[in-house]
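Engineer: Requesting a structural model of the entry that follows:
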Amino acid sequence: MTHERNETEAKKPWYKTVLGILFIIFTFPLTLPPVLLYVIWVKSKQDQIVKIILTALIAIVTLVIWIPALSDNQTQTDSNALRQTPTDSVTESTSQEKAENIDESELQPTPEPSPKQKEWVNVFEVTANSSKQSETFHLNGGQQKIIYKTVGDDYTMCAIYVMDEGTSLDENGGFPVVMIDGSQEDETMMRKSAGDYYMDLSIANGSCIVELQEYR
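Structural biologist: Coordinates of the predicted model:
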């Protein structure tokens with residue numbers, strides 16, 4: 001009895017077996033329409049008109065099931081594309097702006113620092129009431145200006161010597177840059193080369209104020 005039942009099950013079409021039915025259920029709606037068409041046109045003994053009508057109904061039902069699903073997928077795809085497009089556009093725009101800024105900065109020449117304007121700079125200043133030698137000062141070379149002022153009477157005298165460092169007025173001699181008689185205030189130009197110097201002041205009957213400036 002069991003053997004006959006197994007033979008009967010084996011003679012059944014695959015879509016009528018348990019496995020076939022489960023396969024159709026789990027793969028619906030992919031496999032159901034082809035199976036129905038197979039049954040209608042191969043296994044069924046209905047009239048040709050009935051087969052055509054059933055086929056049309058299956059086609060309509062399949063379209064009704066598939067069209068909304070396809071529409072939802074297309075809508076989701078378009079929505080994702082719209083969400084990604086602004087980000088991509090912003091990223092591309094930002095990258096392009098950075099590239100343009102880099103190109104412009106590379107093309108622009110580096111401005112050269114403007115040369116420093118020369119001016120009169122106070123180098124040395126001394127006040128003396130009697131003959132004396134000053135401390136050493138340095139000149140860069142070029143134009144110098146001695147601004148002086150004597151305080152005293154008509155018998156006041158002041159001789160200003162600018163000596164090279166390492167020399168002596170007593171041993172090497174020299175000529176004064178300026179010789180002042182009486183009480184007065186004035187200035188004179190001087191042109192000494194770069195080097196170290198000192199002042200030797202010879203003063204009588206008064207005092208002398210001397211300021212040395214250089215054009216730097």
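Engineer: Helices of this structure, start to end?
Structural biologist: Assigned by DSSP state H, the helices in the chain fall at 2-11, 18-26, 32-38, 48-107, 169-172.
Engineer: averaging pLDDT over each of these, which comes out lowest?
Structural biologist: Least confident of those, judged by mean pLDDT, is helix 2-11 with a mean of 52.
Engineer: quick one, what contacts the residue nearest to Val121 when sequence neighbours are not counted?
Structural biologist: Nearest residue to Val121 in three dimensions, chain neighbours excluded: Arg216, at 4.8 Å (CB to CB, 6 or more residues apart in numbering). The C-beta positions use only the backbone N, C-alpha and C, and glycine is treated the same way. Residues near Arg216 by CB atoms under 8 Å, 6 or more residues apart in numbering: 118-121, 140, 142.
Engineer: try 6 Å
Structural biologist: Residues near Arg216 by CB atoms under 6 Å, 6 or more residues apart in numbering: 118, 121, 140.
Engineer: give me every residue that touches the first one.
Structural biologist: By that I understand Lys118. Counted by CB under 6 Å, 6+ apart, Lys118 has contacts 215-216.
Engineer: before we move on, what about the one 5 residues further on?
Structural biologist: Contacts here follow CB under 6 Å, 6+ apart; on that basis Val123 touches 137, 212, 214.
Engineer: Most neighbours among the residues you listed, please name it.
Structural biologist: Highest neighbour count within those, by other CB atoms under 10 Å: Leu212, with 25 neighbours.
Engineer: Quick one: residues contacting that residue.
Structural biologist: Shown in contact with Leu212 (CB under 6 Å, 6+ apart): 123-124, 146.
Engineer: Ok, Leu169 next?
Structural biologist: Contact analysis of Leu169 by CB under 6 Å, 6+ apart lists 161, 200.
Engineer: circling back: among the contacts of Leu212, find the lowest-pLDDT one for me.
Structural biologist: Among the contacts of Leu212, Phe124 has the lowest pLDDT, at 91.
Engineer: Can you get me a residue count around the closest residue to Ser44 other than its chain neighbours?
Structural biologist: In space, and not counting its chain neighbours, Ser44 is closest to Lys51: 6.8 Å by CB to CB, 6+ apart. The local packing of Lys51 (other CB under 10 Å) involves 15 other residues.
Engineer: State the distance from Lys51 to Lys45.
Structural biologist: 10 Å (CB to CB, to the nearest Å).
Engineer: what does Lys118 give?
Structural biologist: 120 Å.
Engineer: What's opposite Tyr215 in the beta bridge?
Structural biologist: Partner residues in beta bridges with Tyr215, using DSSP bridges, are Trp120.
Engineer: Okay, it and Thr167: tell me how far apart.
Structural biologist: Counting by CB to CB, the separation of Tyr215 from Thr167 is 25 Å.
Engineer: Tyr198 now?
Structural biologist: In terms of CB to CB, Tyr198 sits 9 Å off from Thr167.
Engineer: neighbour count winner among those two?
Structural biologist: Tyr198 (18 against 14).
Engineer: got a list of what the more buried one touches?
Structural biologist: Residues near Tyr198 by CB under 6 Å, 6+ apart: 134, 136, 163.
Engineer: Can you tell me the closest non-neighbouring residue to Ser207?
Structural biologist: Excluding its sequence neighbours, the residue lying closest to Ser207 (CB to CB, 6+ apart) is Asn129, at 4.4 Å.
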